[in-house]
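Q: have a look at this fold, sequence not included:
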């Protein structure tokens, strides 16, 4: 949830802003995770408890709210994320040089190009420097 202001009134205002921004995600998560409608906040669910529940949903990758906060396309688990990234790393480790890297599908947001801040010339210079200063031979 967005950083709440100190005091109950500030936290309730922050809660209202969060619900307004993520209404669809929170509606599903409250029904799915807690078995209550989002509209029960304030009546069946006290405001402080609702703040705590939404904060916890923000820590749970299986929630639609967490997925929206982190730019994921779907709810997931830390295990799924680790498995996809590990498999992708292993596949690319053994690909021939000059072949485009494989990016496995997953719930990830669009990725920026790796090392986008380094030009090909700068990369060549960095590789040359690494080879010259490495304490052991660097084989391709």
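A: Yes, it's here. Computed from a predicted model, the values in this text were never measured in an experiment.

Q: as a quick check, tell me the outermost residue of the chain.
A: The centre of the chain is farthest from one residue, residue 132, which by C-alpha atoms, centre = their mean lies 37.7 Å away.

Q: list the buried residues of the helix or strand harbouring it.
A: Applying DSSP states H and E as the criterion places residue 132 in helix 120-133. By neighbour count with 16 or more other C-beta atoms under 10 Å, helix 120-133 contains no buried residues. Quick note: C-beta positions are derived from backbone N, CA and C, even for glycine.

Q: relative to the whole chain's centre, how far out is that helix?
A: The gap between where helix 120-133 is centred and where its chain is centred comes out at 32 Å by C-alpha atoms, centre = their mean, to the nearest Å.

Q: what's the mean pLDDT across that helix?
A: Rounded to a whole number, the mean pLDDT of helix 120-133 is 82.

Q: re the thing from before, distance of the residue farthest from the centre of the chain relative to residue 121?
A: Between residue 132 and residue 121 the computed distance is 17 Å (C-beta to C-beta, to the nearest Å).

Q: repeat for residue 26
A: Going from residue 26 to residue 121 by C-beta to C-beta gives 49 Å.

Q: contacting residues around residue 101?
A: 92, 95 (C-beta atoms under 8 Å, 6 or more residues apart in numbering).

Q: ok, 10 Å please
A: Applying C-beta atoms under 10 Å, 6 or more residues apart in numbering to residue 101 gives the contacts 88-89, 91-92, 95, 114.

Q: am I right that it sits in a helix?
A: No: with DSSP: H, G, I helix; E, B strand; the rest coil as the criterion, residue 101 is coil rather than part of a helix.

Q: which secondary structure element is home to residue 26?
A: Using DSSP H and E, residue 26 maps to helix 23-29.

Q: please identify the buried residues of that helix?
A: Buried residues in helix 23-29, counted by 16+ other C-beta under 10 Å: 25-27, 29.

Q: equivalent analysis for stretch 79-94, please.
A: For stretch 79-94, burial by neighbour count (16+ other C-beta under 10 Å) applies to residue 84.
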